[in-house]
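In: Okay, sequence plus prediction incoming.
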Amino acid sequence: MKVLAESVSGYLNNASWIRRMFEAGAKLKAEYGNDKVQDFSLGNPDLPAPKEVKEGLSKFLEHAHEPFAFGYMSNAGFPWLREKLAAYLSEEQGLTLSQNDVLLSCGAAGALNAFLRAVIDPGDEMLCFAPYFVEYGFYVANFGGKLKSVKTQADTFEPDLEALKKAISPKTKVVLINSPNNPTGVVYSLDLLTKLCQLLREQSKAIGHPIWLVSDEPYRFLAYDGTVVPSVLPLYPYSVCVASFSKNLSLPGERIGYAALSPDLPEKADVMAALTLTNRILGYVNPPVIGQQIMAYALGSHVDKSIYEKRRQAMAEVLSNAGYEFLMPKGAFYFFPKAPGGDDVAFVNTLAKELVLAVPGSGFGMPGYFRLAFCVDEKVIRAAEGGFSRARAACTK
């Protein structure tokens, strides 16, 4: 008897490779012990939250007994906190934002879903560059839209703007970018983003409606070697930034994020009203109270980035010693090496036999590669070198 929607049945059959490998890892750990399995499958930050998170939570608990401490508020979040966030983002993004330019939601995913609900009609398309976070496709499909992937430059994973131009059609409603990128660690330059925005201006005019540019930025704080992460908000009026505090404050389970609109957006008041509505009717209602209170106190704080820098170097050394081809990530906490032998799924399965867990590039729309999340202890990274070497040898005979 049919009980599920066909689309959801399809999702189950093609479940996220990230979660699939995470669950496989749980079984291996149960069989062999946690210390025997080197798990690089899930981007779940292991660093403790900065002290400001604990301090902010303690401050809130002093008033948690008061009436309405956990009550409803504006669907867009506390107005006083939106004002504080706008001031912080004004400095970070390099322009002036007000509280009416920002909306708080249940993580970056919640903000992105609220935005897509506000602008996507059935049949519309969202374009993004491969490789990409697989759930983008699920998000746009929630509202009858379709994700269409666009290739990147083979040697750099940077957007191929000519390929993007060819992919744009009257159905194109959104172009989604992610920089620093998951899974490649690539950071898009100001020159590239400026050219991208100029292309979107031209193509918006050609097809007769604005093409939105959405920048997903949960890893903005995590850039290496002095790399600058440019903002799209000053570059294009139909731009939106979505982000969260999951990675920089190590709060992925608290689900607190936001959307920020370009202050130059002509229809800004209407769009913010729509986002506030969709934030509610999608069932989020409002962002979590505790997450907002923590964020208010910890805004501007970060986990110790130097630890990620050391882990990045350790992973690069391990992969180099084992003979892998890879691009050194400029940001985030992922490597995306080439899969020895070319078959990423077969290679990841071989790697799992060595008790080393990774995610095949097929799960990110780019076969032939695999992703490693280095948000794990450096001892785990170093311990995996033998497994990496043996798996590569097995797949290149």
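Out: Great, that's in hand.

In: Which segments of this protein make up each domain?
Out: Domain assignment for the chain, taken from automatic domain parsing, gives 6-49+304-395, 52-298.

In: Between its first and last residues, what's the separation in stretch 162-171?
Out: In stretch 162-171, first residue to last residue: 18 Å (CA to CA, to the nearest Å).

In: Measure how far it is from the centre of its chain, please.
Out: Counting by CA atoms, centre = their mean, to the nearest Å, stretch 162-171 is centred 23 Å from the centre of its parent chain.

In: what comes up buried for that stretch?
Out: For stretch 162-171, a neighbour-count test (16 or more other CB atoms under 10 Å) marks 164, 167-168 as buried. (Each C-beta comes from the backbone N, C-alpha and C, glycine too.)

In: mind saving the C-alpha coords of the one helix or strand Val318 maps to as PDB?
Out: Assessed by DSSP states H and E, Val318 sits inside helix 305-321. The C-alpha coordinates for helix 305-321 follow below in PDB (Å, rounded to 0.1, in the frame of the first residue of the first chain):
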ATOM      1  CA  LYS A 305      40.600  28.800  14.200                       C
ATOM      2  CA  SER A 306      44.300  28.000  14.700                       C
ATOM      3  CA  ILE A 307      43.300  24.400  15.600                       C
ATOM      4  CA  TYR A 308      41.600  24.000  12.200                       C
ATOM      5  CA  GLU A 309      44.700  25.500  10.500                       C
ATOM      6  CA  LYS A 310      46.900  22.800  12.100                       C
ATOM      7  CA  ARG A 311      44.500  20.100  11.200                       C
ATOM      8  CA  ARG A 312      44.400  21.400   7.600                       C
ATOM      9  CA  GLN A 313      48.200  21.100   7.400                       C
ATOM     10  CA  ALA A 314      48.100  17.700   9.000                       C
ATOM     11  CA  MET A 315      45.600  16.400   6.400                       C
ATOM     12  CA  ALA A 316      47.600  17.900   3.600                       C
ATOM     13  CA  GLU A 317      50.700  16.100   4.800                       C
ATOM     14  CA  VAL A 318      48.900  12.800   5.200                       C
ATOM     15  CA  LEU A 319      47.300  12.900   1.800                       C
ATOM     16  CA  SER A 320      50.600  14.000   0.100                       C
ATOM     17  CA  ASN A 321      52.500  11.200   1.800                       C
END
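
In: partners of the helix or strand that comes right after that helix, with directions?
Out: Per DSSP H and E, the first helix or strand lying C-terminal to helix 305-321 is strand 334-335. Its sheet considered, strand 334-335 pairs with strand 370-373 (antiparallel) by DSSP bridges.

In: which stretches of the stretch 101-250 of the chain form strands?
Out: For the stretch 101-250 of the chain, applying DSSP state E, counting those that start in this stretch gives strands covering 102-105, 125-129, 146-150, 172-178, 212-216, 239-244.

In: before we move on, the earlier item: nearest to Leu127 among the buried residues of stretch 162-171?
Out: Nearest to Leu127 among these, counting by CB to CB, is Ala167 at 5.6 Å.
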